[in-house]
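In: Here you go, sequence then predicted model.
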Amino acid sequence: YDLKPVNATLPAHAEARIGDVYELDIEALGTFDVVLSDMAPNTTGHKDTDHLRIIALVEAAYYFAKDVLKPDGAFVAKVFQGGAQHELLKQMKRDFKSVKHVKPPSSRKESAEQFLVATGFKGIDEDTEDDYYEE
């Protein structure tokens, strides 16, 4: 889902939709093998502010992924380097078998852009789900 149309050629098995991650009807979507978030806020040029804004988007995508991923699924999200993702990484490490930071070769060296790559979704145990997830 994106707020703007995606102008890219997608593989036959992939689909891009226009929508707001905060307003999705989760139950109508079904389940997925992969959730990929390339969301990024409009940047201000202030590193700390931009980092906090992207972490908020990554958290929204992560909670969405937890609702729709199949067991052993994967979650990939763009982030900007900074220190605010500590709690999010801790949660992801509980929910996935592997969580890594990746900086693709196509990303400019001076860019703060990285990707979080989480694989091996463990699924959600309803009895132990943390309070951080709000209905």
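Out: Now that the structure is in, tell me what you want to look at. Numbers count the residues shown, from 1 in each chain.

In: so how many other residues sit close to P41?
Out: Other residues lying near P41 total 15 when counted by other C-beta atoms under 10 Å. Placement of C-beta: from N, CA and C, glycine included.

In: my read: it touches I55, true?
Out: No - using C-beta atoms under 8 Å as the test, P41 is too far from I55 to be in contact (9.8 Å).

In: what ranges of this protein fall below the confidence cut-off?
Out: Residues of the chain that meet the criterion pLDDT under 70 lie in 1-7, 17, 83-84, 125-135.

In: In it, which helix is the longest?
Out: Selection of the longest helix in the chain by residue count, based on DSSP state H, yields helix 47-68.

In: As PDB, could you dump the C-alpha coordinates of the helix or strand that that helix is followed by?
Out: Next helix or strand after helix 47-68 toward the C-terminus (DSSP states H and E): strand 69-80. What follows is strand 69-80 as a C-alpha-only set of coordinates in PDB (Å, rounded to 0.1, in the frame of the first residue of the first chain):
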ATOM      1  CA  LEU A  69       2.300 -12.700   7.700                       C
ATOM      2  CA  LYS A  70       2.200 -16.400   7.300                       C
ATOM      3  CA  PRO A  71       4.400 -18.400   9.700                       C
ATOM      4  CA  ASP A  72       8.000 -18.300   8.500                       C
ATOM      5  CA  GLY A  73       7.200 -15.100   6.500                       C
ATOM      6  CA  ALA A  74       9.500 -12.100   6.100                       C
ATOM      7  CA  PHE A  75       9.300  -8.400   6.800                       C
ATOM      8  CA  VAL A  76      11.500  -5.800   5.100                       C
ATOM      9  CA  ALA A  77      11.400  -2.100   5.900                       C
ATOM     10  CA  LYS A  78      13.400   1.000   5.000                       C
ATOM     11  CA  VAL A  79      14.800   2.900   8.000                       C
ATOM     12  CA  PHE A  80      17.200   5.800   8.600                       C
END
